[in-house]
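Trainee: please find the sequence and the predicted model below.
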Amino acid sequence: MKKIEKDIAVEEKFVQSLVKNNTKNYVNISCQINKSVQDITTIVQKFGEVSVSSDPCDVSIQNQKDRQAQIMVALPTGNIDNLTLTLQKRIDTELSNIRGCSMLPDGRMVFSCYAKDIIRVLKSDGSTDFEIGETFDVVLIGGESLAVTSSESDKINIIDLKNKILKKTIKVNSHNDEVAYKDGKLIYCARKKGLQMISLSDESVTNVINAKLPLYAHDAYVTTFGEKLFYTNNKSVNCCDYHGNILWTFCHRSCLKYPLGISVDNGGNVFVVGYLTNNVVVISPDGQNHRQLLSCEDGLDNPTVLHYDQSTNKLLVANDYNDAFVYEVELV
């Protein structure tokens with residue numbers, strides 16, 4: 001009985017503490033909106049906008065099997081001194097201010113005309129296949145579509161090559177000039193914002209290089225090879241990784257003045273046009289060696305763009321006005 005009385009005393013003390021501390025009380029929560037706040041909703045339509053962007057992290061994770069596969073398919077880098085170019089055709093595009101070009105797998109050629117704001121697709125014999133408006137630079141994506149930048153707006157158009165129609169319009173957060181394509185992503189020159197990359201699957205935008213590019217639309221071009229990006233800024237040729245780290249810079253104004261269009265072959269050799277030197281120069285993958293391949297004697301007159309088709313080893317070079325050239329490239 002004494003033990004029971006002791007236990008009851010303890011429990012009684014505990015119950016009394018609950019009563020004393022109001023622990024057993026019910027808690028009621030109510031909310032009353034200030035009438036002044038309610039009036040705001042009739043005046044303010046929206047409080048702001050939410051935008052999503054991402055910056056590349058510094059961590060690179062690679063599967064061991066993927067790394068082994070890359071080693072197996074890696075192509076040996078040939079000496080640029082052993083490259084030979086053979087002219088296959090000369091085309092009169094009948095266009096001015098050519099700012100982009102591309103070779104299609106079926107032999108057709110695409111040229112973007114800044115003056116007329118069109119892209120013109122030519123058949124392999126040089127005759128016109130079709131035209132479509134609103135353009136600056138152009139790049140082939142997936143073999144069946146073209147991505148077309150607009151320069152003076154925030155739009156990138158996707159063109160269906162088979163049906164020759166506008167397939168889709170993507171809006172980005174800046175003007176977009178020259179463009180490249182890799183693994184479902186477009187890398188484009190965004191002027192003050194540097195190089196940006198947009199995923200075609202979810203349209204998310206990533207900053208690659210924050211360094212400002214020239215404000216003039218045709219002064220910077222970009223291309224890709226493996227895990228590297230190559231871009232021009234009208235003064236130099238630059239190689240960087242996808243984190244924006246500069247790997248090398250080529251700046252030899254005596255042989256390459258005002259570099260614009262840029263492309264890469266299967267071995268990582270970099271082909272660049274010199275607008276004021278009227279030439280095409282090839283640079284080794286490490287940026288240490290270079291060689292002039294074409295000059296004004298080959299018909300180059302203020303060349304602006306070029307495209308190396310890695311599937312056929314053909315090089316398309318276009319002057320600012322009218323003339324374009326198709327070369328077969330061999331490594332002897």
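Mentor: It's in. Numbers count the residues shown, from 1 in each chain.

Trainee: can you pull out the strands in the stretch 1-150 of the chain?
Mentor: Remark: strands assigned in the stretch 1-150 of the chain by DSSP state E, counting those that start in this stretch are 53-54, 83-96, 98-103, 109-113, 118-122, 128-133, 138-141, 145-149.

Trainee: so which residues lie in contact with the host helix or strand of V282, not counting its own?
Mentor: For V282, the element it lies in under DSSP states H and E is strand 279-283. With C-beta atoms under 8 Å, 6 or more residues apart in numbering as the test, strand 279-283 has contacts from 80, 83, 237, 250, 255-256, 259, 269-274, 289-296, 300, 303, 306, 315, 317. All C-beta atoms are positioned from the backbone trio N, CA, C, and that covers glycine.

Trainee: for ChimeraX, what selects the buried ones among these?
Mentor: Buried residues within those, by 16 or more other C-beta atoms under 10 Å, are selected in ChimeraX with:
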select :80,83,237,250,256,259,269,270,271,272,273,274,290,293,294,300,303,306,315,317
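
Trainee: partner strands of the strand holding V282 and their direction?
Mentor: Partners of strand 279-283 in the sheet, by DSSP bridges, are strand 270-274 (antiparallel), strand 290-294 (antiparallel).

Trainee: export these to CSV and tack on mean pLDDT and distance to K192?
Mentor: As requested, the strands paired with strand 279-283 are exported to CSV (pLDDT from 0 to 100; distance: least, C-beta to C-beta, whole Å):
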stretch, mean pLDDT, distance to K192
strand 270-274, 97, 24
strand 290-294, 97, 30
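
Trainee: how about a markdown table for those strands, with distance to V281 added?
Mentor: What follows is those, written out as a markdown table (distance: least, C-beta to C-beta, whole Å):
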| stretch | distance to V281 |
| --- | --- |
| strand 270-274 | 5 |
| strand 290-294 | 5 |
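
Trainee: any idea which of those strands gets closest to T223?
Mentor: Nearest to T223, of all the strands paired with strand 279-283, is strand 270-274, at 8.0 Å by C-beta to C-beta.

Trainee: can you give me the distance of K228 to C240?
Mentor: In this view, K228 and C240 are 7 Å apart by C-beta to C-beta, to the nearest Å.

Trainee: and E12, which of the strands of the stretch 1-150 of the chain is closest to it?
Mentor: Closest approach to E12 among the strands of the stretch 1-150 of the chain (C-beta to C-beta): strand 53-54, 62.2 Å.

Trainee: show the average pLDDT along the closest one.
Mentor: What strand 53-54 shows for mean pLDDT is 55.

Trainee: rewinding a little: least reliable of the strands of the stretch 1-150 of the chain going by mean pLDDT?
Mentor: strand 53-54 (a mean of 55).

Trainee: just to revisit the earlier point, Throw the strands of the stretch 1-150 of the chain into a markdown table and include distance to I4, thanks.
Mentor: As requested, the strands of the stretch 1-150 of the chain are arranged in a markdown table below (distance: least, C-beta to C-beta, whole Å):
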| stretch | distance to I4 |
| --- | --- |
| strand 53-54 | 68 |
| strand 83-96 | 103 |
| strand 98-103 | 94 |
| strand 109-113 | 96 |
| strand 118-122 | 96 |
| strand 128-133 | 95 |
| strand 138-141 | 85 |
| strand 145-149 | 86 |
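
Trainee: between these, which one is nearest to V19?
Mentor: Of these, nearest to V19 by C-beta to C-beta is strand 53-54, at 56.2 Å.

Trainee: number of residues surrounding the nearest residue to K212 once chain neighbours are set aside?
Mentor: The shortest distance from K212 to any residue other than its chain neighbours is 5.2 Å, reached at K192 (C-beta to C-beta, 6 or more residues apart in numbering). K192 has 12 neighbouring residues, counting by other C-beta atoms under 10 Å.

Trainee: quick one: classify K192 as helix, strand or coil.
Mentor: helix (DSSP: H, G, I helix; E, B strand; the rest coil).

Trainee: my guess is it meets N210, correct?
Mentor: No. Taking C-beta atoms under 8 Å as the definition, K192 is not a contact partner of N210, at 9.6 Å.

Trainee: stretch 169-182: which residues count as buried?
Mentor: Under 16+ other C-beta under 10 Å, the buried positions of stretch 169-182 are V172, S174, H175, N176, D177, E178, V179, A180, Y181, K182.
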